[in-house]
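Visitor: Next input, structure requested:
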Amino acid sequence: MTTTRFVEKWVDETAGLTAPGRVVWCDGSQAEYDRLVGEMLADGTLLSLDQRTYPNCYLHRSHPSDVARTEQLTFICTSARDDAGPTNNWVAPDEAKERVSALFRRSMRDRTMFVIPYLMGPVGSTMSRVGVMVTDSPYVVASMHIMARVGRVALDHMRHAEDFVAGVHSLGDLSPDRRFIMHFPEERLIWSVGSGYGGNALLGKKCHALRIASWQARQEGWMAEHMLILGVEDPDGQVTYLAAAMPSASGKTNLAMVVSKLPGYRVWTVGDDIAWIHVDAQGQLRAINPERGFFGVAPNTSPRTNPNGMAMIRSNTIFTNVAVTPSGEPWWEGMTDEPPKGLRDWQGRPWQPGGEPAAHPNSRFTAPVAQCPSVAPSWEDPQGVPISGFLFGSRRARVVPLVFEAFDWAHGVFLGAAMGTETTAAITGKVGVVRRDPMAMIPFCGYNMADYFGHWLAMGSRLAKPPKIFRVNWFRRDGDGRFLWPGFSDNVRILKWIIGRIRGTAGGRETPIGYIPDPDAIDLEGLALPPLRLRAALHCDRDEWFEALDELRVFYEQFGPRLPAPIWEAHRQTVSRFRV
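Guide: Next up is the predicted model:
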């Protein structure tokens, strides 16, 4: 495989530090993948599932202490602490390297060091970017085969000899006490040690595609966002593309693959997790999905919540930390109404109802995008798809209405910057606690969030017609704790209203927080939803918003003078509108 001398020099230096038994350059071929799978089946890293009902599907069980992102051990290492900002863990680059290089030293002894050149983004796209990572985990190599375009195709897309993000990953000894995920955005370098879990070990995903790419995007004038991309086709055959930011495990994948309950409407999937967004020569935002695969949360994925997702994962999929039926099929909570008898849990132990979950709450599936039944014909378009609207959505049991539209671009950026969510099992910490998560980027922004808000504001001034921005909340509950909106396939009804607002054909009434649809503006054909429940889902409560805005003020104050003035002004104006 032809490489540049800079890539070869970096790989040689990394091998000198980690001292592997041998070095293997990955070519991304099917034969390579099959060989890796065979070796992992032989040593127990993978377990074969029922090859009749789940052909080419396998189960991986990770170490019990290594089952989720470890945000407390994830660092942004910039020369100036303020460039990382108050919402990121920070260590000076020299100190970080001194601390972590000791963990890498001879960490690959008697192991194979795999070198993975990978391309993030469609082949032939000027929006795509290259990474080269090394790892001592064959599970990571196989997963990267699914998640990115691996091999010579990556090196062919380098714009110059040093045009790559370098990533070093080692399992180490999997001890949480010796686990670090370090990002050096000024050097486009990632170091990850002590974890084999996806988001910590598949360095092309959150580490490269968001933390490093967000820094790179700000420098180069584009956007790297934690967003799904979908297209909604109406009965006339016109497709409108939307991008939506939602925290992990908040229904993002389900929405990206949703099957419409509205006759004549169809949703096309471009991506479920990450969007790279550029401004074209006409001032239009265009987005690509930089990934080749889905790394989805398994629990509560079912034929009811995500039929396309369930069809997608029936072949060529690696499952992580799910339960297994006696016949060797994967299972997780929410997949069926009742658990099958004779399950073994995610650690391989016999399982009985009434105790801990059979599948880990953050168990995952890794599957190719091309297998999704709703995959858009345009999903690999090198030019990307034109974005007409942004959605910001999160789990909120109260405060946030089902849907509303921002007054303008700056106000929409404020709505994204104001976002809070109730935590889920996809991150470390208590479940159900409200935490601030602007644009769903708190765990993933590779620099100061105040500067990130400023970058969003600046992007708007470059656009011929900025996309409209909306806030959505499928998770609002009534006083008895019941969801007010049915969600899932019925969310297309909300997308229809959003598209109507984009085209100027749907009504909305002005409120202190934005334009909210009257209940009769939502297409409820075929849905038996009491009018009072829809009104409650769309209600904007003054007292709840005052409380939320006061909490938001405290969050913003930590950024000091670095917080852009338009964000503070939008906050002040919202308070003023409520007082009127």
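Visitor: quick one, strands of the stretch 451-580 of the chain?
Guide: 468-472, 509-511, 514-516 (DSSP state E, counting those that start in this stretch).
Visitor: Ok, the stretch 101-250 of the chain next?
Guide: Going by DSSP E, counting those that start in this stretch, the stretch 101-250 of the chain shows strands at 112-120, 129-135, 149-150, 165-170, 180-184, 189-193, 223-225, 227-233, 239-245.
Visitor: looking at those, which is closest to residue 495?
Guide: Smallest distance to residue 495 across the strands of the stretch 101-250 of the chain (C-beta to C-beta): 5.3 Å, for strand 227-233. Quick note: C-beta positions are derived from backbone N, CA and C, even for glycine.
Visitor: What is the burial count for residue 43?
Guide: The tally of other residues near residue 43 (other C-beta atoms under 10 Å) stands at 8.
Visitor: Just the pLDDT for it.
Guide: pLDDT, residue 43: 98.
Visitor: Where does the prediction get shaky in the stretch 101-250 of the chain?
Guide: Low-confidence segments of the stretch 101-250 of the chain (pLDDT under 70): 249.
Visitor: no wait, the chain
Guide: Using pLDDT under 70, the chain drops low at 1-2, 249, 424-431.
Visitor: Helix, strand, or coil at residue 287?
Guide: strand (DSSP: H, G, I helix; E, B strand; the rest coil).
Visitor: hmm, back to that, want to throw the strands of the stretch 101-250 of the chain into TSV with distance to residue 82?
Guide: What follows is the strands of the stretch 101-250 of the chain, written out as TSV (distance: least, C-beta to C-beta, whole Å):
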stretch	distance to residue 82
strand 112-120	28
strand 129-135	26
strand 149-150	36
strand 165-170	23
strand 180-184	16
strand 189-193	20
strand 223-225	21
strand 227-233	26
strand 239-245	25
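Visitor: Ok, which of those comes nearest residue 370?
Guide: Residue 370 lies closest to strand 149-150 among the strands of the stretch 101-250 of the chain, at 11.7 Å (C-beta to C-beta).
Visitor: is it true that residue 175 touches residue 194?
Guide: Yes: shown here, residue 175 and residue 194 form a contact pair, counting by C-beta atoms under 8 Å, at 6.1 Å.
Visitor: quick one, which of those two is more surrounded?
Guide: Neighbour tally, residue 175 and residue 194, criterion other C-beta under 10 Å: the higher count belongs to residue 194, 26 against 14.
Visitor: Torsion angles phi and psi at that one?
Guide: Geometry field for residue 194 lists phi and psi as phi 90, psi 10, criterion degrees, to the nearest 10.
Visitor: From residue 66, how far off is it?
Guide: Look at residue 194 and residue 66: by C-beta to C-beta, to the nearest Å, they are 8 Å apart.
Visitor: And for residue 306?
Guide: To residue 66, residue 306 is 26 Å away according to C-beta to C-beta.
Visitor: centroid residue for the protein?
Guide: In the chain, the centroid-proximal residue (C-alpha atoms, centre = their mean) is residue 273; its distance is 3.5 Å.
Visitor: how about the nearest residue in space to residue 90 that is not next to it in sequence, phi and psi?
Guide: Nearest non-adjacent residue to residue 90, counting by C-beta to C-beta, 6 or more residues apart in numbering: residue 84, 4.1 Å away. Residue 84 adopts backbone torsions of phi -80, psi -40, taken as degrees, to the nearest 10.
Visitor: For residue 84, which residues are in contact?
Guide: Residues near residue 84 by C-beta atoms under 8 Å, 6 or more residues apart in numbering: 76, 77, 78, 90, 447, 448.
Visitor: hmm, back to that, now mean neighbour count and distance to residue 539 too, for the strands of the stretch 101-250 of the chain, in a markdown table please.
Guide: Shown next, in a markdown table, are the strands of the stretch 101-250 of the chain (neighbours: other C-beta atoms under 10 Å; distance: least, C-beta to C-beta, whole Å):
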| stretch | mean neighbour count | distance to residue 539 |
| --- | --- | --- |
| strand 112-120 | 25 | 42 |
| strand 129-135 | 26 | 44 |
| strand 149-150 | 24 | 47 |
| strand 165-170 | 26 | 46 |
| strand 180-184 | 25 | 41 |
| strand 189-193 | 25 | 45 |
| strand 223-225 | 26 | 29 |
| strand 227-233 | 25 | 26 |
| strand 239-245 | 22 | 22 |
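Visitor: which one of those lies closest to residue 355?
Guide: Nearest to residue 355 among the strands of the stretch 101-250 of the chain is strand 180-184 (31.6 Å), distances taken as C-beta to C-beta.
Visitor: give me every residue that touches residue 403.
Guide: By C-beta under 8 Å, 6+ apart, the contact list for residue 403 reads 470, 471, 472, 473, 494, 497, 498, 516, 517, 538.
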